[in-house]
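Participant: coords please:
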Amino acid sequence: MIQRKQSLFLLLAFIATVVCLCLPIAEITPMGMGGSIKLYNLCIITSAGANYSVCGLFGILAMSAALSLGTIFLYNNRKLQSKFCVCNLFLLIAWYIVLGVTARNTSPVDFSFNLAFAACLPAIAAILVFMARAGVIHDEKLVRAADRIR
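Facilitator: Modelled structure (predicted):
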């Protein structure tokens, strides 16, 4: 049953995480100083041209995208699909924690932190994964009710 609504929610969550991987997340501008720092999932680019690696953000979001895509094809095993949805939710929450730590560690003392649109995409993906999990649980209840009737 690949045409279930959970599969659509998980596919949309996959698309949201992949789009977030490609776009800049934030821009950090020091107060009173020139230049800015652009924060991507894979690297930090300063105005001086320095390029720092931030593999944690990229790794967490890549695992979340892979888990969303893989969970779509587990439609025969609803319990495992539900557990993978919970793991995916934890990964998306962890992404925001790592983003906060990374932003704090790369920022000067006085700074202006401007989030880009791509920073809200993991939250949208988390909502979609939560809705998919609710659909999986609903399907499991329907199957159990049908088994009781037999």
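Participant: the closest residue in space to Leu23 that isn't next to it in sequence: neighbour count?
Facilitator: Closest residue to Leu23 apart from its sequence neighbours, by CB to CB, 6 or more residues apart in numbering: Ala118 at 3.6 Å. Heads up, the C-betas are built off the backbone N, CA and C, glycines and all. Ala118 has 18 neighbours, counted by other CB atoms under 10 Å.
Participant: for the helix or strand hosting Leu8, what is the average pLDDT?
Facilitator: Assigned by DSSP states H and E, Leu8 belongs to helix 5-22. For helix 5-22, mean pLDDT is 94.
Participant: residues in contact with the residue nearest to Leu23?
Facilitator: Taking CB atoms under 8 Å, 6 or more residues apart in numbering, we find Ala118 in contact with 19-20, 22-25.
Participant: would you agree it falls within a strand?
Facilitator: No. Counting by DSSP: H, G, I helix; E, B strand; the rest coil, Ala118 is not found in a strand; it is helix.
Participant: distance of it from Ala62?
Facilitator: 15 Å (CB to CB, to the nearest Å).
Participant: how close does the residue lying closest to Ile137 once chain neighbours are set aside get to Pro122?
Facilitator: Computed as CB to CB, 6+ apart, the closest residue to Ile137 that is not its neighbour in sequence is Ser82, at 6.1 Å. Per CB to CB, Ser82 is found 20 Å from Pro122.
Participant: okay, those two: which has more neighbours?
Facilitator: In this view Ser82 and Pro122 are compared by other CB under 10 Å, and Pro122 has more residues nearby, 26 against 21.
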